[in-house]
Structures are given as C-alpha cells and as structure tokens.
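**Student:** Sequence and predicted model, in that order:
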Amino acid sequence: MRLLVSSAMALAIVAAASQATRPADAAQRVSSDLDALMRQVLSTRDENWKKLQQYVLDEREAMEVRGPSQRPIWGEHREYTWYIRNGLFVRSPVKANGAAVPEADRRKYEADYLKRQQDRERRGGQIAISPSGVDVNPGDSGEAADADAVLKQTRQPLFISLSYFLRFKFEEGKYALVGRETLDGRETLRIEYYPERLFSGTDRRRGRATSDEDRAYDQEFRRLMNKVALVTLWVEPNAHQIVKYTFNNVALDFLPVQWLMHVDEVTASMNMGQPFPDVWLPRDVQIDAAISVVSGQFYLHYGLEYHDYRQADVTSKIKIP
C-alpha cells in the first residue's frame, strides 16, 4: 500500500513539474521564432537600403518650432530634387516656402553641395553592409574616384542617411510581440525592440587623446541612452518587411545642463512605401522633440517626404562593396 501511495505521489510530482515547465517552454519557443523572424526582417531591411542607392527622387522638407500652447514661432518648407553628376548624388533646391528658387541661387547651391561631396570623396572611405550591420571603413585618400561608383561615396547622400537612421543590429532575445495591427490596409505584426546596443559607439573624440575617464563617461552615457530607448516595428510577416518604425527616447533626466534645458521627449518615425512592385523604399521621416526651459515648453519638428522615385542615371551597374 505504501508503495502504491509513494508511486502515485511521485507521478503527481512529475506531472506537476511537467505542467509547470510547459509555459516556460512555450515562451522560449515564441522568443526563438521571433528572433528567427527578426533576423530575416533585418536582412530584408539591409537589402532595401542597397536598393535605395539605385534611385533618385524628389523631396519635401519641413522644419517647425512651436512655443508654449503650440504657438508657431518659426517654420520653413522646402522642396528639392536629386540627380547624379560626375558619379555623385546632388541635391538641387526647387522651392522655398512656396516660391521657386531663382536659377542663380539654385546653381550656387548645387555647386557648393557638389564641392562638399567631392571633398569628402577625396578623403576616401567605403560603406559596406556586413552580417553585423553597417560598416564605414576609411579608404586611401590618394585613390582616384570612379565616376560611376556611386555607392562608394565617403558619405551617403542625405536622403539615404536619414532614411537609414535606425541602423540597429540584431539582438537575440530583445524583441516582444505586442499583437497584430492593420496598417495601410496590410496585416502586420507589432513588435517592440528593447535595445542594449542601439547606441553602441561614438566618434566625437576621434583624433584626440581619450582618457579612461572620458571612455567611462561615454560608455555610461550610451548605456543610459539604450536603457530609455524603445523601438516599435510594424512588420509584414510574409515579406519579412518593416512597414513602419518608431523610435522613442523618454526619461532623459540624465542629460547635462538640466538646470538650463530639459529634454522631455524625442520621437522619430519612418513609413515605408512601394513606389514599384516588390520594391519597398522610405515614404517619409518624422522627427519630433519637446524641450522645457524657464519660459515654458517648446516643440521642434523636422519632416521629410520622398516621392517620384526614379532609376538613377548611371552608365554602369551599381554594386554594393
């Protein structure tokens, strides 16, 4: 009898332990599946970045500052078109606050912009996408520039830099599935990303001696920036395509000069669109910040809209290093 009771108790304990581990196992499987999905999603994102460099486009830029009670203080609206000259992307102004830019001003802007790009090109460098993310490698300053090697510019054109502002790398176990949402008529998965390495480096001290204290400060600053950062992604699961990004930085109390100015919140978002079948490219970028000073809260807005994508007019095939 005692043997039967002991056996029954042992079976009950084993069954209870098995039931207790099932939720943990299920959660682990969900996390593993989500990690696998995000690996594919970020690979698709990098492929889109390569495609973006094959196009030129038109651009609308909006800047605005509002004071307490959302009172407008200052604002500008400008329109640009992009084209390629001598193998470099050139930004050409079209309108400023609704008025056409005079021809002389437009040509001067283009010449100045092209000169800056050429100066950067002469300093050399190369941008490449590796499995670990985007790598920028300095090149030989004596190397001649190839007029058709558009993608080897030391600095990407502005529309590419801003469109790829969320260059985060894959981080296992840092994603959470929030649910399903319909966005622009598409069924998407809403996924939150809690980064540890979104802010992973700085070059602000490059070219001068760096003390242990400076390095420790930089490391702690990056840790705090990551701690308060949240990235939300809307993903079309079948195409492994990010349809929308949002980035939020809240609780920025650790920033310096709090006695003078307090950064209440910083948000950024990017929406993707399909200007061509099966080709996903940025549609708009929006950046907002709220800052408090003694006289009240001020709001800053910067927005870009991209439209009229068209194939870049180059004479040879574009390659990614």
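**Tutor:** Nice, I can see it. Residues are numbered from 1 along each chain as shown.
**Student:** what residues are up against residue 116?
**Tutor:** Residues near residue 116 by Cβ atoms under 8 Å, 6 or more residues apart in numbering: none. For glycine as for every other residue, the C-beta is placed from the backbone atoms N, C-alpha and C.
**Student:** give me the low-pLDDT residue ranges for the stretch 51-200 of the chain?
**Tutor:** Within the stretch 51-200 of the chain, the stretches with pLDDT under 70 are 123-167, 197-200.
**Student:** Strands along that one, start to end?
**Tutor:** 55-66, 72-85, 88-96, 99-100, 126-130, 133-137, 175-183, 186-193 (DSSP state E, counting those that start in this stretch).
**Student:** and residue 44, backbone torsions?
**Tutor:** Here is the backbone geometry of residue 44 (degrees, to the nearest 10): phi -60, psi -40.
**Student:** Once you drop chain neighbours, what's closest to it?
**Tutor:** Sequence neighbours aside, residue 240 is the residue nearest to residue 44 in space, at 4.6 Å (criterion: Cβ to Cβ, 6 or more residues apart in numbering).
**Student:** picking up where we left off before, compare the strands of the stretch 51-200 of the chain and report which one is nearest to residue 109.
**Tutor:** Minimum separation from residue 109 across the strands of the stretch 51-200 of the chain (Cβ to Cβ) falls at strand 88-96, 5.2 Å.
**Student:** what's the angle between that closest one and strand 55-66?
**Tutor:** Interaxial angle of strand 88-96 relative to strand 55-66 (axes from the mean of the first three to the mean of the last three Cα atoms, to 10 degrees): 50 degrees.
**Student:** For strand 88-96, name the packing helices and strands.
**Tutor:** Where contact means 3 or more Cβ pairs under 8 Å, 6 or more residues apart in numbering; DSSP states H and E, strand 88-96 is packed against strand 55-66, strand 72-85, helix 103-122, helix 158-163.
**Student:** For it, buried residues please.
**Tutor:** Residues of strand 88-96 classed as buried by neighbour count (16 or more other Cβ atoms under 10 Å): 88, 89, 90, 91, 92, 93, 96.
**Student:** so what's the second one bridging to?
**Tutor:** This points to residue 89. residue 84 (DSSP bridges).
**Student:** doesn't residue 54 make contact with it?
**Tutor:** No. Using Cβ atoms under 8 Å, residue 89 is not in contact with residue 54, being 11.4 Å away.
**Student:** Tell me how many other residues surround residue 100.
**Tutor:** 12 (other Cβ atoms under 10 Å).
**Student:** Can you verify my assumption that it contacts residue 78?
**Tutor:** No. Counting by Cβ under 8 Å, no contact exists between residue 100 and residue 78, whose distance comes to 11.6 Å.
**Student:** tell me, what's touching these two both at once?
**Tutor:** When contacts are counted by Cβ under 8 Å, 6+ apart, residue 100 and residue 78 have no shared neighbour.
**Student:** Residue 106 contacts residue 95, doesn't it?
**Tutor:** No. Taking contacts as Cβ under 8 Å, residue 106 lies outside contact range of residue 95: 10.2 Å.
**Student:** show me what contacts residue 274?
**Tutor:** Here residue 274 is in contact with 280, 281 (Cβ under 8 Å, 6+ apart).
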